[in-house]
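*Asks:* Provided below for reference: sequence and predicted model.
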Amino acid sequence: MVIKAKNLQDAEELLHSGISKVELAYDIGSDDFFRLASRWCDRGARITKGNEHFMVQIKGMSIPPNH
């Protein structure tokens, strides 16, 4: 299932909450795009261009144990 984000903060919150596929359903600026890419691609995310918007997809994101 794809969840749509309406701004950068919304996208960040969705990704942090564990949603694995987020559509950036807004016109993202270059600064925000590179900020998002540097933060999430280091964690294994992949950003692709869909028909209208960019898609951020995280595969195999594991949550570390809480000791």
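*Replies:* Done, it's in.
*Asks:* If you drop the residues flanking it in sequence, what lies closest to Arg35?
*Replies:* Spatial nearest neighbour of Arg35, excluding adjacent residues (C-beta to C-beta, 6 or more residues apart in numbering): Leu8 at 7.5 Å. Every C-beta, even on glycine, is put in place using the N, C-alpha and C of the backbone.
*Asks:* The residue most central in space within the chain in helix, strand or coil?
*Replies:* For the chain, the residue nearest the mean C-alpha position is Val56 (4.0 Å; C-alpha atoms, centre = their mean). At Val56, secondary structure determined by DSSP: H, G, I helix; E, B strand; the rest coil is strand.
*Asks:* The residue nearest to it when sequence neighbours are not counted and Ser38, how far apart?
*Replies:* Nearest residue to Val56 in three dimensions, chain neighbours excluded: Val22, at 4.8 Å (C-beta to C-beta, 6+ apart). According to C-beta to C-beta, to the nearest Å, Val22 and Ser38 sit 16 Å apart.
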